[in-house]
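Q: could you work out the structure for the sequence below:
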Amino acid sequence: MSKKLKRFKRLLRRPFEWLGIGLGWLVFAHVSHRMLFRICDFIAAVGYPFDRKGRELSRENLRLVVGAEHLTPRREELILKRSYRNMMRTLGHVFWTSRNARARAASVGEFSPRCLEFLAANKPAITVSCHMGCWELLSQLVYLQGRKIVSVAKDIGTPGMTEMLMKSRRSLGQTIVRAEGAFHPLLQGLQEGADVGLLVDQVVKPDQGGIWVRYFGRPVPVSAAPAFLQAKTHAPIVIAWSRPLHDGRYRCEFVAEFPWTKGVDIWGRTQDCISAIERTIRRHPSCWVMNYRYFRKKPKEKDLAQLAAREQRRR
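A: Sure thing, here's the model as predicted:
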């Protein structure tokens, strides 16, 4: 697809994006949590059949995660629909917590006992997560523990649209910085005693700070920021996610911890983080956002050679 055609499609999509954001504030922010879920579930159910490209991409990613041989058509369809539902609920949560943010976030989320123990013993910390469960809630609950936290948000649509969404995410009081040029604000935050929250299951080009790792067996360039920040500040890295509960609430759980070690290997630590996330997704695939092109960036021969050499040194 040519750049002009992509630009034209973005222009056509923009009014609908603004409409969605406007409806989010007008509707989602003014309903109960139960009603929010009903609306989000309805939107996900209606939209799922029409999202042909996203559905096929989700199917491909699911088969990579679980293995096609372990999926019946019925189970595959059920997981994909639940993934769409979870994604829509999380997006709705962004707008829902733009009003009465403290009370609402506290009412629908909790930390596991292990999380509370870790937070009490480690300040600051680097929390690494992915687009799984209600990822927006994780940093909100950290903030409600009386801790400062700096999180990163990627640009979405126009600059004005990005700012409006960031304003909603800041409603609780947490600090949100743009992905471009985020390293120094994150470093400064850690040095001043604030926690850092990062989502790392996104493609980051190598010329923008990405590093090639294996994700479900495939090479993917992801952010090496957690490892670099740990090397600079000696803060521990913890892998976390917010698990959906049967009553509509969420429990934030830590699935892996990586304390600072002298001479930490940046690539190795980045791969460790991605591998921990990968294990969690395999156990709970329906909670993961699947309609994202995680594997769209193709490595060059030199990238593959470098990755293979790093893997060989770790064996």
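
Q: list the contacts of E110.
A: Counting by Cβ atoms under 8 Å, 6 or more residues apart in numbering, E110 touches L141, R249, Y250, R251, C252. Glycine gets a C-beta too; all of them are placed from N, C-alpha and C.

Q: cutoff 10 Å now
A: Contacts for E110 (Cβ atoms under 10 Å, 6 or more residues apart in numbering) come out as L116, L137, L141, S242, L245, R249, Y250, R251, C252.

Q: looking at those residues, which has the most residues close by?
A: Within the contacts of E110, S242 tops the neighbour count with 28 neighbours, counted by other Cβ atoms under 10 Å.

Q: surely that one is in contact with G133?
A: Yes. At 4.0 Å, S242 and G133 qualify as touching, with contact defined as Cβ atoms under 10 Å.

Q: mind listing the helices for the protein?
A: 3-26, 33-47, 52-66, 73-96, 101-108, 113-121, 135-144, 159-169, 183-191, 225-233, 266-283, 301-314 (DSSP state H).

Q: sorry, back to before: common neighbours of S242 and G133, please.
A: With Cβ under 10 Å, 6+ apart as the test, S242 and G133 both reach T90, Y250, R251, C252, E253, C287.

Q: grab the nearest non-local neighbour of V177.
A: Setting aside the residues directly before and after it, V177 is nearest to P185 in space (Cβ to Cβ, 6 or more residues apart in numbering), at 4.6 Å.

Q: now do S83
A: S83 sits nearest to M290 (Cβ to Cβ, 6+ apart), 4.9 Å away.

Q: hang on, isn't the one you found packed against R55?
A: Yes. Counting by Cβ under 10 Å, R55 is a contact partner of M290 at 9.2 Å.

Q: these two: which is more packed in?
A: Counted by other Cβ under 10 Å, M290 and R55 do not tie: M290 has more neighbours, with 25 against 19.

Q: list the residues that contact the more buried one.
A: 54-55, 57-62, 64-65, 79-80, 83-84, 86-87, 131, 281.

Q: do that again at 6 Å, thanks
A: Listed by Cβ atoms under 6 Å, 6 or more residues apart in numbering, the contact set of M290 reads S58, N61, L62, S83.

Q: now, of the residues you listed, which are buried?
A: With burial judged by 16 or more other Cβ atoms under 10 Å, the buried subset of the contacts of M290 is S58, N61, L62, S83.

Q: quick check, nearest of the residues you listed to V27?
A: Nearest to V27, judged by Cβ to Cβ, of these is S83 at 22.8 Å.

Q: ok, which pair from the shared contacts of S242 and G133 is furthest apart?
A: Farthest pair in those, by Cβ to Cβ: T90 and E253, 16.3 Å.

Q: those two: which is more packed in?
A: Applying other Cβ under 10 Å to T90 and E253 shows that T90 carries more neighbours, namely 22 against 17.

Q: if I pick the nearest residue to that one once chain neighbours are set aside, what's in contact with it?
A: Leaving aside its sequence neighbours, T90 sits nearest to C134 (Cβ to Cβ, 6+ apart; 4.9 Å). For C134, the contact set (Cβ under 6 Å, 6+ apart) comprises T90, H93, S242, Y250.
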